[in-house]
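Asker: Structure for the following, please:
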Amino acid sequence: MKTYLILFLFSVSILNVTAQDASVEKSTFGIQTGILGIWAHNESKLTNTIALRSELGFDVGAFSERLGEDPEFLFILIPAITVEPRWYYNLNKRESKSLRTDGNSGNFISIKTTYHVDKVIGSVPNHLNYISDITIVPTWGIRRNIGKHFNYETGIGIGFGHYFKEKNVYIKDVNVMALNLHLRLGYRF
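Answerer: Numbering: from 1, shown residues only. You can find the predicted model right below:
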């Protein structure tokens with residue numbers, strides 16, 4: 001009986017050593033680009049499934065102004081600062097199916113908080129004023145790796161946005177609905 005008990009304890013200890021939970025990377029850094037901007041990001045591990053993403057970049061703004069007969073389309077770059085806790089909820093499932101989890105490749109749920117400063121890169125007509133804003137958007141998304149360094153990411157979410165009112169500027173609604181819809185290609189260092 002002692003032999004069986006010792007064999008049982010030994011086999012359980014081997015299972016405990018080999019049964020490891022998948023985890024997000026301790027720290028990962030990269031750049032991403034999409035149709036509406038370019039960003040540099042870092043993701044730092046908080047727990048095995050939660051990473052804190054911090055991001056600096058430029059969002060693209062586009063608008064049209066009608067001067068005379070032909071409308072003029074203008075593009076500007078708006079500096080953006082983002083902090084986003086991400087919960088990668090399917091890492092263990094991906095690992096059990098022998099799918100990649102390196103570089104935080106998996107499905108995630110996040111709360112994306114972005115602040116746009118009131119400075120722009122590009123020309124804005126004198127009679128227009130860009131107003132800074134903050135958005136808080138719960139988002140569902142996926143990230144997948146292509147090779148060793150490249151990845152793609154997509155996400156969707158609807159949340160809350162707030163414009164910071166300035167003197168002598170009329171804003172009908174300072175609180176608005178915000179949409180996060182992104183498709184990005186990236187490079188991980």
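
Asker: lowest average confidence, helix or strand, in the chain?
Answerer: helix 2-18 (a mean of 48; mean pLDDT, DSSP states H and E).

Asker: The helix or strand just after that one pairs with which strands, and in what direction?
Answerer: Next along the chain after helix 2-18, taking DSSP states H and E as the criterion, comes strand 27-34. The strands beside strand 27-34 in its sheet (DSSP bridges) come out as strand 37-45 (antiparallel), strand 175-188 (antiparallel).

Asker: I'd like those as CSV, with mean neighbour count appended.
Answerer: Heads up, the C-betas are built off the backbone N, CA and C, glycines and all. Converted to CSV, the strands paired with strand 27-34 look like this (neighbours: other Cβ atoms under 10 Å):
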stretch, mean neighbour count
strand 37-45, 17
strand 175-188, 16
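
Asker: what would those strands look like in CSV with distance to E153?
Answerer: Formatted as CSV, these follow (distance: least, Cβ to Cβ, whole Å):
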stretch, distance to E153
strand 37-45, 10
strand 175-188, 5
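
Asker: could you redo these as JSON lines and give each row distance to P85 and mean pLDDT?
Answerer: What follows is the strands paired with strand 27-34, written out as JSON lines (distance: least, Cβ to Cβ, whole Å; pLDDT from 0 to 100):
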{"stretch": "strand 37-45", "distance to P85": "10", "mean pLDDT": "97"}
{"stretch": "strand 175-188", "distance to P85": "14", "mean pLDDT": "95"}
